[in-house]
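sequence below, structure please.
(chains A and B)
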Amino acid sequence: MAAIQLDGVTKRYGSITALQNVDLTVESGEIFGFLGPNGAGKSTTIDILLDFVRPTTGSATVLGHDAQAESVTVRSKTGVLPDGYHVYDRLTGRQHVEFAVNSKDGDERPIELLERVGIADAADRRAGDYSKGMTQRLVLAMALAGAPELLILDEPSTGLDPNGAREMRDIIREEADRGATIFFSSHILEQVEAVCDRVGILNDGQVVAVDTIGGLRTALKTDSRLDVTLESPDDGAIDVVEAVDGVSTAVREGAVISIAVTREAKVDAVRAIDEAGYSIVDLTTEESSLEELFAAFTGDGEETSQPDTQIAASEVAE
Amino acid sequence: MSWAAVARKDFHDAVQSRTIWALSGFFILLAIGLTYAYAEVPLLSGGQGTIGGLVFFLAGIVGTFVAVTTVVLCYRSIAGEAELGSMKLLLSLPHSRSDVLLGKVVGRTGVLALPLSIGLGIGLAMGILLIGRGSVQPAIVFLLWTFVFALAYVSIIVGLSALTGSTTRAAALSIGFFLLFEFLWDAVPFVVLFVVSGFSFPTSQPDWYPLLGQLSPSDAYVSGLTALLPDVARGTGQPIPGSGVDAFYADPAAGIVILFAWLCIPLAIGYTAFSRADL
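Here you go, the predicted structure:
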């Protein structure tokens, strides 16, 4: 049984489309990283799983239960670290966890959960006086109450220092070892690659890739392809371009030379051909789609991948 | 019993409000002071103070205290949590939205019950000692009916708070409700009568006129108390709503029905909005 299943989920707020026909399956027992830039729709997706918002069309199933009709059942089996939450300033950390344990019919002692997240010494302080990192740990402790089958963590390392982020990853692994499914979102690749079995990438409200970390890594290392069209077919250009650092292979087909090259070396390759006296009439470049996605997701996507072609072309023109 | 967990949490949270305790302290002192005055100043009790007389004497300040304090205590109960984001924390746990509303109503009524129990408990005990005659039954009926009134008022304001995700709008709704039903309500029946009579004053009162005056929650509370303690009300010269009008609803018991309507209807409307809302 899939832990999470989204079928054609679309969510519109007025004229703004937050999610567009999202299909996604998270298998039971896996650690699934949900990646995407801020504003891609990660939190909206999570909000739909928890029935905080209702999809405009499509359906969501969590642990075999309809996310809307059986939301209380879903949430009774799910631990949640939501995004954009606020704690009860006047209640202590212990009272927060007590409330979570009572609500989940759990049998833990609140202090045990607070120990696990490393804030047991602040158990009787008002949560309003906690730092951002302590608050994040507190809400994680609430999520762990009742040993849930599924953990949904929205940007769990927000507000945590590197040490805290590492402890968060340790807890995620412990929970996975216990048999829980983990679904967590992040906008930072490094945070998920350490723990995730599989990753889904969301961009602009659409799922653009679902793969293992291994698959993503392979895709990331794949060279770009650069196609240079010369005025006349010439094998000499192959030798010239193969001598450039970063070029692995070059083959000619008619007047077009296809070059497998790293992103960084593309400009050098074009320049070498140009400087050797071959006149270039056209050039195109193709990135591996996942690399483009990652570039987009780290925030500089459109600026780096596509304009590469233009930069190269303009340098040639000089 | 999911609402019970919400109620307990909400009680522990709201009971720490300093504003509530400032209002409550004032009420407790006022209840004790007024009881003392009623028992000791013959002018106030008409010379022959009774427990029943004290009950109606205190009912007036209870009405005002409950109305003001509930608005302060509850206007943010749902809208505030939605605006701030603690509603996400609350609804991440397995509570339905009806459990959240019910838990809020019970938890905050519990908070309101504290100053009412202390103020009226001390006041009535003191009254019984000082006056020293008559049955204590009116005092018990009064206390219980006051808790029903507090529950109804809390569910009205929680219901209003559930209509919106904005604290500002929730404040406007609650204060507007208070102004209309507590501050202006004495004048509203006049205005309604004036308007339906073609902008002139009729020579006789229509049958529904007394009923209109009972519609505000605190008028319904006093009128319901009259219905629950009919002998005491007559004995103390309490005005009997609807007397002299020949209609089935012209009865102080209408106050009981009206208060139960206040208990259910605003909360049901608030629930309808809240259950559909995106957080």
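
next structured bit after the helix or strand of chain B with the lowest mean pLDDT?
When the helices and strands of chain B are scored by mean pLDDT, DSSP states H and E, helix B:42-45 comes last with a mean of 73. Following helix B:42-45 in sequence order, the next helix or strand is helix B:51-74 (DSSP states H and E).

what does the least confident helix or strand of chain B rub up against?
By C-beta atoms under 8 Å, 6 or more residues apart in numbering or on different chains, the residues outside helix B:42-45 that reach it are B:Ala37, B:Tyr38, B:Ala39, B:Gly49, B:Gly53, B:Leu54, B:Phe57. C-beta: built from backbone N, CA, C; applies to glycine.

dead centre of chain A: give me the residue that sits there.
In chain A, the residue lying closest to the centroid (C-alpha atoms, centre = their mean) is A:Leu35, at 1.3 Å.

show me what contacts it?
A:Leu35 makes contact with A:Lys42, A:Ser185, A:Ser186, A:His187, A:Leu189, A:Val192, A:Val199, A:Gly200, A:Ile201, A:Leu202, A:Phe297, according to C-beta under 8 Å, 6+ apart.

before we move on, back to that, widest-spaced pair of the contacts of helix B:42-45?
B:Ala37 and B:Gly53 (12.5 Å; C-beta to C-beta).

so these two - more neighbours on which side?
Under the criterion of other C-beta atoms under 10 Å in any protein chain shown, the comparison of B:Ala37 against B:Gly53 puts B:Gly53 first, with 24 against 13.

and for the more buried one, nearest residue in space, chain neighbours not counted?
Leaving aside its sequence neighbours, B:Gly53 sits nearest to B:Thr236 (C-beta to C-beta, 6 or more residues apart in numbering or on different chains; 4.5 Å).

same thing with B:Phe147?
Closest to B:Phe147 by C-beta to C-beta, 6+ apart is B:Ala113, at 6.1 Å.

measure stretch A:69-89 end to end?
One end of stretch A:69-89 to the other measures 32 Å (C-alpha to C-alpha, to the nearest Å).

so is it next to chain B?
Yes. Applying C-beta under 8 Å from any C-beta of the partner chain, one finds stretch A:69-89 touching chain B at A:71-73, A:75-76, A:80-88.

mean confidence score for that stretch?
For stretch A:69-89, mean pLDDT is 95.

buried residues, it. List them.
A:70-72, A:74-83, A:85-88 (16 or more other C-beta atoms under 10 Å in any protein chain shown).

same question, stretch A:107-115
Buried residues in stretch A:107-115 (16+ other C-beta under 10 Å): A:Glu108, A:Pro110, A:Ile111, A:Leu113, A:Leu114.

residues in contact with the closest residue to the second one other than its chain neighbours?
The spatial neighbour of A:Pro110 that comes closest, neighbours along the chain excluded (C-beta to C-beta, 6+ apart), is A:Val97 at 3.9 Å. With C-beta under 8 Å, 6+ apart as the criterion, the residues that contact A:Val97 are A:Pro110, A:Leu113, A:Leu114, A:Leu138, A:Ala141, A:Met142, A:Ala145.

host element of A:Val97?
Element membership for A:Val97, per DSSP H and E: helix A:93-104.

beyond that helix, next helix or strand please.
Of the helices and strands lying after helix A:93-104 in sequence (DSSP H and E), the nearest is helix A:110-116.

name the SS class of B:Arg133, please.
What DSSP: H, G, I helix; E, B strand; the rest coil gives for B:Arg133 is coil.

oh sorry, the question was meant for A:Gly79
When classified by three-state DSSP, A:Gly79 comes out as strand.

and it, bridged to which residues?
A:Gly79 forms beta bridges with A:Leu151, as assigned by DSSP bridges.

thought it was touching A:Asp154?
No. In this structure, A:Gly79 is not within contact of A:Asp154 by C-beta atoms under 8 Å, at 11.9 Å.

against B:Ser275, how distant is B:Glu81?
15 Å (C-beta to C-beta, to the nearest Å).

more neighbours: these two, which one.
Between B:Glu81 and B:Ser275, B:Glu81 has the larger neighbour count (other C-beta under 10 Å), namely 24 against 13.

thought the more buried one was touching B:Leu91?
No. The criterion here is C-beta under 8 Å, and B:Glu81 misses it with B:Leu91 at 9.3 Å.

how many neighbours does residue 182 have?
Just going to use chain A. For A:Ile182, the neighbour count with other C-beta under 10 Å is 25.

let me rephrase: I mean chain B.
Every residue meeting other C-beta under 10 Å relative to B:Glu182 is counted, giving 19.

also the one 4 residues further on?
Using other C-beta under 10 Å as the criterion, B:Asp186 is surrounded by 11 other residues.

torsion angles phi and psi at it?
Main-chain dihedrals, B:Asp186, degrees, to the nearest 10: phi -60, psi -30.

which residue is the nearest non-sequential neighbour of it?
What sits nearest to B:Asp186 in space, not counting adjacent residues and going by C-beta to C-beta, 6+ apart, is B:Gly213, at 7.9 Å.

go on, A:Val240?
Counting by C-beta to C-beta, 6+ apart, the residue nearest A:Val240 is A:Ala276, at 4.5 Å.

who's in contact with that neighbour?
Going by C-beta under 8 Å, 6+ apart, A:Ala276 touches A:Gly236, A:Ala237, A:Val240.

ditto for B:Gly213
Taking C-beta under 8 Å, 6+ apart, we find B:Gly213 in contact with B:Trp185, B:Asp186, B:Pro189, B:Asp219, B:Pro241.

using the three-state scheme, assign the last one.
In this case it means B:Pro241. B:Pro241 - assigned by three-state DSSP - is coil.

that one contacts B:Gln214, doesn't it?
Yes. In terms of C-beta under 8 Å, B:Pro241 counts as a neighbour of B:Gln214; the distance is 5.4 Å.

give me the common contacts of the two.
Common contacts of B:Pro241 and B:Gln214 (C-beta under 8 Å, 6+ apart): B:Ser223, B:Ala254, B:Gly255.

ignoring the adjacent residues along the chain, who's closest to B:Ile258?
B:Ala220 (3.9 Å).

against A:Asp66, how distant is the residue nearest to B:Asp186?
For B:Gly213, the distance to A:Asp66 equals 50 Å [C-beta to C-beta].

how is chain A partitioned into domains?
As recorded under automatic domain parsing, the domains making up chain A are A:2-218, A:222-317.

of all those domains, which lies closest to B:Val195?
Proximity to B:Val195, assessed across the domains of chain A by C-beta to C-beta, is greatest for domain A:2-218 (39.5 Å).

follow-up on the earlier one: may I ask which of the contacts of B:Gly213 has the most neighbours?
Within those, most neighbours by other C-beta under 10 Å means B:Pro241, with 24 neighbours.

what sits closest to that residue if chain neighbours are left out?
Leaving aside its sequence neighbours, B:Pro241 sits nearest to B:Ser223 (C-beta to C-beta, 6+ apart; 4.6 Å).

ok, now B:Val105?
Distances taken as C-beta to C-beta, 6+ apart place B:Ser155 nearest to B:Val105, at 4.8 Å, with adjacent residues excluded.

where is pLDDT lowest across the contacts of A:Leu35?
Among the contacts of A:Leu35, A:Phe297 has the lowest pLDDT, at 47.

stretch B:42-58: end-to-end distance?
16 Å.
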